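Chemist: Next comes the sequence, and after it the predicted model I'd like to discuss.
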Amino acid sequence: MSNTLSTFLKLHKISFLLAVLSFVFYFTFAYHLERTDFIKLLTLFFALFFLCFKLIQFQKLNFKFLLGIGVIFRFIFLFTEPNLSQDFYRFIWDGHLVANAINPYLHTPNELIKNIATIIPNANQLYESMGSLSAKHYSNYPPLNQLIFGLAALIGGKSMFGSLVVMRFTIILADLGIFYFGRKLLKNLNKSPQLIFWYFLNPLVIIELTGNLHFEGVMLFFFISSMFLLSIEKWKWAAVILACSISIKLVPLLFLPLFFTYLGWKKSIMFYLIIGSTSVLLFIPFYTPEFIGNYTKTLSLWFSNFEFNASIYNIVKRTAVQFNAKPWEFIKIYGKITPILTITVVVLFTFLPKRKDLNKVLASMMWVLAIYYFMSTTMHPWYCIFLVLLAIFTSYRYAIIWSAAIVLSYFAYSQPDFKENLWLLALEYISVYGFLIYEIVAHNNKK
């Protein structure tokens, strides 16, 4: 053992022990957890959050140590299949379609399964494992995401595990990119670069991105890279990269109006034109006359058909039911109102702030996204990760609380009928709203 390592262990015994415990818990989470075992899932998750907090508290100035363990924790998941999500089966399915020059936006898996089994390796297993809900709908993943799926399918070949490993490496590299550009952006905005560890070591980020293969991490890599380029006044390149972020997940579309007062109207017009042109170029390989209708139809389902871990919607729905509203009709009405309210919120945050610098823009993004999530009918745990990243560029920390509390929503996965426990959802949102109100009052008192 080298003298340097020996000295570190003597000086940082507790931190090393916490890191080892985290390693054991992540390993258990990755290889010895069924998502139906809610108590075990909850215990491991909360234990990992506590250990994350203590590691950052004890080693917040030890850049290499925290970076190193963050990378190690991610590689624990390398040789296992996701255990909290089955979405990756659809990713691999779409990837093989793209690799075989078949447009994933034109046909549902239900339509293709009889004719495609000889073309797509493991087609029947992918079809059965993705679930009936995914199988009956057109793909809703934007074009750059589809190209990554296609690359994973090409490299992975007939092996599902090979495709999975390629996707996982992509997400790990994206997280390292977020770490790199996130630290640089924090420095440019006169904030502590160590704040990035609240994202990089967050158990929700590690488990849901690297572990469960959600591509929010790739979207956030392009997003944070774009914001860094804006901070050094390379706004044209920032527009190109932001279009790439939108082409992974559509969420950054919410923020486009917020750049108007920051850039001024002349630059804004060019900024939006570059984003639009880049997006069109990325969509062109998949464009057909049927594409827009199919894609729009699939996206509209998120507003009018699906509900999971909702906040305000659950309260409003149960109030409406007391007045004899029919739930299956109410969600469609609510789904039509939500986009209007969201647009209103975006417009208010675009024009109300008197001064616009990048700090203000990022803060406005955080509030817009938080309000949108609070109103949404569907709030999967990995959605919260974007909010965690935005929050570290502000003085608000409620998103970190939410990233811990949101694991309570996984109770539904332990039930055969996926029925949610409203008491657990109430506990989740009381903790989030309670801490948020506390922070707002505390901030107002400082003024």
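Modeler: Done, it's in.
Chemist: Residue 229: what's its closest spatial neighbour, skipping adjacent residues?
Modeler: Excluding its sequence neighbours, the residue lying closest to residue 229 (CB to CB, 6 or more residues apart in numbering) is residue 238, at 3.8 Å. Placement of C-beta: from N, CA and C, glycine included.
Chemist: count of neighbours near the one you found?
Modeler: 23 (other CB atoms under 10 Å).
Chemist: so where's the stretch 251-400 of the chain uncertain?
Modeler: Low-confidence segments of the stretch 251-400 of the chain, defined by pLDDT under 70: 301-305, 354-355.
Chemist: buried ones in stretch 265-273?
Modeler: 268, 271-272 (16 or more other CB atoms under 10 Å).
Chemist: go on, stretch 404-420?
Modeler: Buried, per 16+ other CB under 10 Å, within stretch 404-420: 404-412, 414, 420.
Chemist: does residue 345 belong to a helix or a strand, and which?
Modeler: Counting by DSSP states H and E, the element that carries residue 345 is helix 327-351.
Chemist: Name the next helix or strand following that helix along the chain.
Modeler: Downstream of helix 327-351 (by DSSP H and E), the next one is helix 358-375.
Chemist: ok, now how distant is residue 202 from residue 404?
Modeler: Residue 202 sits 9 Å away from residue 404, taking CB to CB, to the nearest Å as the criterion.
Chemist: repeat for residue 162
Modeler: 34 Å.
Chemist: what do you get for residue 62?
Modeler: Taking CB to CB, one finds residue 62 at 23 Å from residue 404.
Chemist: how about the nearest residue to residue 380, chain neighbours excluded?
Modeler: Per CB to CB, 6+ apart, closest to residue 380 is residue 308, 6.4 Å.
Chemist: ok, how many other residues are close to that neighbour?
Modeler: 15.
Chemist: Which phi and psi values does it adopt?
Modeler: Backbone torsions for residue 308, taken as degrees, to the nearest 10, come to phi -160, psi 130.
Chemist: what sits against it?
Modeler: By CB atoms under 8 Å, 6 or more residues apart in numbering, residue 308 lies in contact with 377-380, 409, 412, 420.
Chemist: Run through the bridge partners of it.
Modeler: residue 378 (DSSP bridges).
Chemist: which stretches of the stretch 201-350 of the chain form helices?
Modeler: 203-205, 216-231, 235-246, 259-263, 265-283, 291-304, 312-322, 327-351 (DSSP state H, counting those that start in this stretch).
Chemist: for the third one, packing partners?
Modeler: Helices and strands in packing contact with helix 235-246 are listed as helix 216-231, helix 265-283; criterion 3 or more CB pairs under 8 Å, 6 or more residues apart in numbering; DSSP states H and E.
Chemist: Can you give me the buried ones in that helix?
Modeler: 235, 238-246.
Chemist: Then the last one?
Modeler: Taking 16+ other CB under 10 Å as the neighbour-count basis, helix 327-351 is seen to contain the buried residues 330-331, 334-335, 338, 342, 345-346, 349-350.
Chemist: Contacts for that helix, please.
Modeler: By CB under 8 Å, 6+ apart, helix 327-351 touches 254-255, 257-258, 260-261, 300, 303-305, 307, 313, 316-317, 320-321, 364, 367-368, 371-372, 375-377.
Chemist: now the third one
Modeler: Counting contacts by CB under 8 Å, 6+ apart, the residues outside helix 235-246 that touch it are 142, 144, 219-223, 225-227, 229-230, 252-253, 263, 267, 270-272, 274-276, 278-279, 282.
Chemist: Verify the stated contact: residue 208 with residue 386.
Modeler: No - judged on CB atoms under 8 Å, residue 208 makes no contact with residue 386 at a distance of 11.4 Å.
Chemist: Which residue is the nearest non-sequential neighbour of the residue minimising distance to the centre of the chain?
Modeler: In the chain, the centroid-proximal residue (CA atoms, centre = their mean) is residue 216; its distance is 3.6 Å. Using CB to CB, 6+ apart and skipping the chain neighbours, the partner closest in space to residue 216 is residue 385 (5.2 Å).
Chemist: neighbours of that neighbour, just the number please.
Modeler: Residue 385 has 23 nearby residues by other CB under 10 Å.
Chemist: Residue 64 and residue 52, how far apart?
Modeler: 17 Å.
Chemist: actually residue 215, sorry about that
Modeler: Distance of residue 215 to residue 52, given as CB to CB: 23 Å.
Chemist: same deal with residue 15?
Modeler: 12 Å.
Chemist: Of these two, which one has the most company?
Modeler: In terms of neighbours (other CB under 10 Å), residue 52 is the more surrounded of residue 15 and residue 52; the figures are 26 against 20.
Chemist: Now the helices of the stretch 201-350 of the chain in a markdown table, please, with extra columns for distance to residue 438.
Modeler: Written out in a markdown table, the entries for the helices of the stretch 201-350 of the chain read as follows (distance: least, CB to CB, whole Å):
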| stretch | distance to residue 438 |
| --- | --- |
| helix 203-205 | 21 |
| helix 216-231 | 27 |
| helix 235-246 | 32 |
| helix 259-263 | 29 |
| helix 265-283 | 36 |
| helix 291-304 | 31 |
| helix 312-322 | 19 |
| helix 327-351 | 22 |
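Chemist: Quick one: closest of the ones you listed to residue 183.
Modeler: Closest to residue 183 of these, according to CB to CB: helix 216-231, at 9.6 Å.
Chemist: Go through the helices and strands packed on helix 235-246 and pick out the most buried.
Modeler: Across the helices and strands packed on helix 235-246, averaging neighbours per residue (mean count of other CB atoms under 10 Å) puts helix 216-231 on top, at a mean of 25.
Chemist: Measure how it sits relative to helix 235-246, angle-wise.
Modeler: Orientation check (axes from the mean of the first three to the mean of the last three CA atoms, to 10 degrees): helix 216-231 against helix 235-246 gives 170 degrees.
Chemist: how far off helix 358-375 does helix 216-231 point, in degrees?
Modeler: 150 degrees.
Chemist: Let's see helix 216-231 as CSV, backbone CA atoms only.
Modeler: C-alpha atoms of helix 216-231 as CSV (Å, rounded to 0.1, in the frame of the first residue of the first chain):
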residue,chain,number,x,y,z
GLU,A,216,-32.4,12.3,-19.0
GLY,A,217,-28.6,12.3,-18.3
VAL,A,218,-27.8,12.6,-22.0
MET,A,219,-30.3,15.4,-22.4
LEU,A,220,-28.8,17.2,-19.4
PHE,A,221,-25.3,16.8,-20.8
PHE,A,222,-26.3,18.8,-23.9
PHE,A,223,-28.3,21.2,-21.8
ILE,A,224,-25.6,22.1,-19.3
SER,A,225,-23.0,22.3,-22.1
SER,A,226,-25.3,24.8,-23.9
MET,A,227,-25.6,26.9,-20.7
PHE,A,228,-21.8,26.8,-20.3
LEU,A,229,-21.4,28.1,-23.9
LEU,A,230,-23.9,30.8,-23.1
SER,A,231,-21.9,31.8,-20.1
